[in-house]
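K.L.:
Sequence and predicted structure, then a few things I'm wondering about:
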Amino acid sequence: MPIYEYRCEDCGATFDKLVRSMTVAVEVECPKCQSKNCKKAISLFGATSSTSSSASAGASCATGG
């Protein structure tokens with residue numbers, strides 16, 4: 001079940017909505033002003049990369065035995 005981000009065109013609020021089916025049209029209502037004038041927003045995600053000295057030296061997460 002995907003979670004989509006929406007933006008209310010009337011009040012500008014942004015909110016997430018869990019969508020149970022991707023094939024059925026979902027009626028979205030703004031939780032702030034109860035407007036149905038909402039559009040899907042483009043969600044951005046972030047990813048971080050950790051490059052500490054031990055990681056760059058080839059250290060492994062595996063335990064030795």
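P.N.:
Ah, there it is.

K.L.:
C-alpha from now on. contacts and neighbour counts both.
P.N.:
Fine.

K.L.:
The residue nearest to Cys33 when sequence neighbours are not counted: which element?
P.N.:
Distance criterion CA to CA, 6 or more residues apart in numbering; nearest residue to Cys33, sequence neighbours excluded, is Cys11 at 7.0 Å. Using DSSP states H and E, Cys11 falls within no helix or strand.

K.L.:
Run a quick neighbour tally on Cys11.
P.N.:
14 (other CA atoms under 10 Å).

K.L.:
what's the pLDDT at it?
P.N.:
With respect to pLDDT, Cys11 has a value of 97.

K.L.:
Distance of it relative to Cys38?
P.N.:
Going from Cys11 to Cys38 by CA to CA, to the nearest Å gives 10 Å.

K.L.:
same thing with Val28?
P.N.:
With distances taken as CA to CA, Val28 is found 7 Å from Cys38.

K.L.:
These two: which is more packed in?
P.N.:
Neighbours were counted for Val28 and for Cys38 using other CA under 10 Å; Cys38 has more, 21 against 17.

K.L.:
I'd assumed Glu27 was in contact with the more buried one.
P.N.:
No - contact criterion CA atoms under 8 Å: Cys38 and Glu27 do not qualify, at 9.1 Å.

K.L.:
All the helices of the chain, residue numbers only.
P.N.:
Shown for the chain, the helices assigned by DSSP state H span residues 53-56.
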